[in-house]
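[1] Structure for the following, please:
(one chain, ligands or ions: 1)
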Amino acid sequence: MAALESVISEVHASALEQLARASTLEAVEAVRVDALGRKGKLAEISKSFARLSPEERAGAGKLLNCAKQDLEAKIDAKKASLEHGALDARLDSEWIDLTAPAPGPRPGSLHPVTQVQRELEQVFISMGFAVLDGPEVETEYYNFDALNIPADHPARDMQDTFWLKDGRLLRTHTSPVQVRGLETLGPPLKMIAPGRAFRNEEVDPSHEHTFYQLEGMMVDHDVSVAHLIYFMKTLLSAIFKRDVTVRLRPGFFPFVEPGFELDIQCLICNGAGCPVCKQSGWVELLPCGLVHPSVLRAGGADPEQWNGFAFGLGLTRLAMMRYGIDDIRLMMSGDLRFLRQF
Ligand code: DAH
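    This is a model prediction of the structure:
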């Protein structure tokens, strides 16, 4: 029947028109449901087939099937093209440049103590000094006896020293490397020994149980206090990048004779007096002296032939002065807000 066939053609045509306008997968699906769904327009039409004669039914049925097949094919094609487009758009927006350098880990920085230590190592290497290492777990002999510190010296007091159960200890200073260095390398010798030292201290803004020192020693013929002062001044101007005025005061250390405290003129007030130098104009920085004959002997050097100077720089304190750090506890805190400033 011609009327039914024209209804089929109309539904077919209008579905194709809607399909052409559909721009999303959802819209295409809506067109499919509307035309081809179980309750869709074409399904409605096929219900009226019962009223047709067999010949009419054959004609209309053929047309209906053609319309269905055509719509199904075109809907599938449209879906495929939309899906493809979505993939293309995603590939476009998620494109990454594989040749660009990777972001990598955030660059870190060296601890202020390490920075000062490395600078000093360079200065001393350039003057012919060897950079030595010594054990942090040390024997009583190297930490005390060999350095002319008798058994009743207050430095051996339990309060100051971390003793281990086996009789060894955590070195209380880097000075034991003086004797170890002499033993292994022998005189003449120019060496420095940066490293960690430990003391059983009450921790406060200026005291830590763990801190860094830089030991230095030169053993040769006819070494004098003039040599000592020259090397100390070179060291200090390298760190502070300017000429520094120094003074020597007598100081007692069992392993040197004579022993000195080397002060530098305060770099904050240039000697006028300020809170940093406690109004004195001077800052205590470098204990030093001429190596005691007993120490030379302990290291296997004949004090009749050899002499030398030694010094023990507080590396942690020097780094604090250089960078204006007023609390020693920050140094070991591991606090990234502190460390990122250097
Ligand atoms: N070892 C001493 C200390 O930690 C510092 C020191 C003083 C080292 C005089 C020396 C020196 O080499 O000559 O307190």
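[2] Just the helices from this structure, written as ranges.
    Along the chain, counting by DSSP state H, helices occupy 2-21, 25-36, 41-47, 54-93, 112-126, 140-143, 176-185, 225-240, 293-298, 315-323, 336-339.
[3] any idea of the mean pLDDT in the third one?
    Over the span of helix 41-47, the pLDDT mean works out to 85.
[4] So which bits of the stretch 201-342 of the chain are right by the ligand?
    Contacts of the stretch 201-342 of the chain with the ligand, taken as CB under 6 Å from any ligand atom, map to 215, 253, 256, 287-289, 310-312. Every C-beta, even on glycine, is put in place using the N, C-alpha and C of the backbone.
[5] Select from those residues every entry located in strands.
    Using DSSP state E, the subset of those located in strands is 215, 256, 287-289, 310-312.
[6] of the residues you listed, buried ones?
    Restricting those to buried positions leaves 215, 256, 287-289, 310-312, with burial counted as 16 or more other CB atoms under 10 Å.
[7] which residue does the stretch 51-200 of the chain bring closest to the ligand?
    residue 173 (3.3 Å; CB to the nearest ligand atom).
[8] and if you look at the chain?
    Nearest to the ligand in the chain, going by CB to the nearest ligand atom, is residue 312, at a distance of 2.3 Å.
[9] Report the contact partners of residue 312.
    By CB atoms under 8 Å, 6 or more residues apart in numbering, the residues touching residue 312 are 173-175, 213-216, 286-288.
[10] Lowest pLDDT pick from those residues?
    Looking across the contacts of residue 312, the weakest pLDDT belongs to residue 286, with 91.
[11] between the helices of the chain, which gets nearest to residue 101?
    helix 54-93 (22.0 Å; CB to CB).
[12] Mind listing what's buried along that closest one?
    Residues of helix 54-93 classed as buried by neighbour count (16+ other CB under 10 Å): 57, 60, 63-64, 67-68, 71, 74-75, 78, 82.
[13] for stretch 18-26, same thing?
    When burial is assessed from 16+ other CB under 10 Å, stretch 18-26 yields the following buried residues: 19, 22.
[14] which regions of this structure sit below the pLDDT cut-off?
    1, 155, 158-159, 276 (pLDDT under 70).
[15] that older thread, top of the contacts of residue 312 by neighbour count?
    Across the contacts of residue 312, the neighbour count under other CB atoms under 10 Å reaches its highest value at residue 175, namely 29 neighbours.
[16] ok, back up a step: identify the residue nearest the residue of the stretch 51-200 of the chain closest to the ligand in space, chain neighbours excluded?
    What sits nearest to residue 173 in space, not counting adjacent residues and going by CB to CB, 6 or more residues apart in numbering, is residue 197, at 5.1 Å.
[17] who's that neighbour bridged to?
    Judged by DSSP bridges, the bridge partners of residue 197 are residue 211.
[18] who's in contact with it?
    Neighbouring residues of residue 197 by CB under 8 Å, 6+ apart: 170-174, 210-213.
[19] Let me have these in JSON lines, adding distance to residue 9 as columns.
    Formatted as JSON lines, the entries for these read as follows, by distance: CB to CB, whole Å:
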{"residue": "170", "distance to residue 9": "99"}
{"residue": "171", "distance to residue 9": "102"}
{"residue": "172", "distance to residue 9": "104"}
{"residue": "173", "distance to residue 9": "104"}
{"residue": "174", "distance to residue 9": "101"}
{"residue": "210", "distance to residue 9": "93"}
{"residue": "211", "distance to residue 9": "96"}
{"residue": "212", "distance to residue 9": "94"}
{"residue": "213", "distance to residue 9": "100"}
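[20] wait, which of those is closest to residue 115?
    Within the contacts of residue 197, proximity to residue 115 (CB to CB) peaks at residue 212, which comes in at 11.7 Å.
[21] Nearest residue to residue 21 in space, please, no chain neighbours.
    Nearest in space to residue 21, with sequence neighbours left out and distances taken as CB to CB, 6+ apart, is residue 27 at 7.7 Å.
[22] Show residues contacting stretch 116-131.
    Applying CB under 8 Å, 6+ apart, the set of residues contacting stretch 116-131 is 110, 181, 185, 189-194, 212, 214, 216, 218, 231, 234-235, 238-239, 313, 315, 318-319, 322.
[23] list the buried ones in it?
    Buried residues in stretch 116-131, counted by 16+ other CB under 10 Å: 116-117, 120, 123-124, 129.
[24] for stretch 202-209, same thing?
    Going through stretch 202-209 with 16+ other CB under 10 Å, the ones that come out buried are residue 208.
[25] measure the spatially most central residue of the chain to residue 342 for me?
    The residue at the geometric middle of the chain, judged as the C-alpha nearest the mean C-alpha position with CA atoms, centre = their mean, is residue 108 (3.8 Å). Residue 108 sits 10 Å away from residue 342, going by CB to CB, to the nearest Å.
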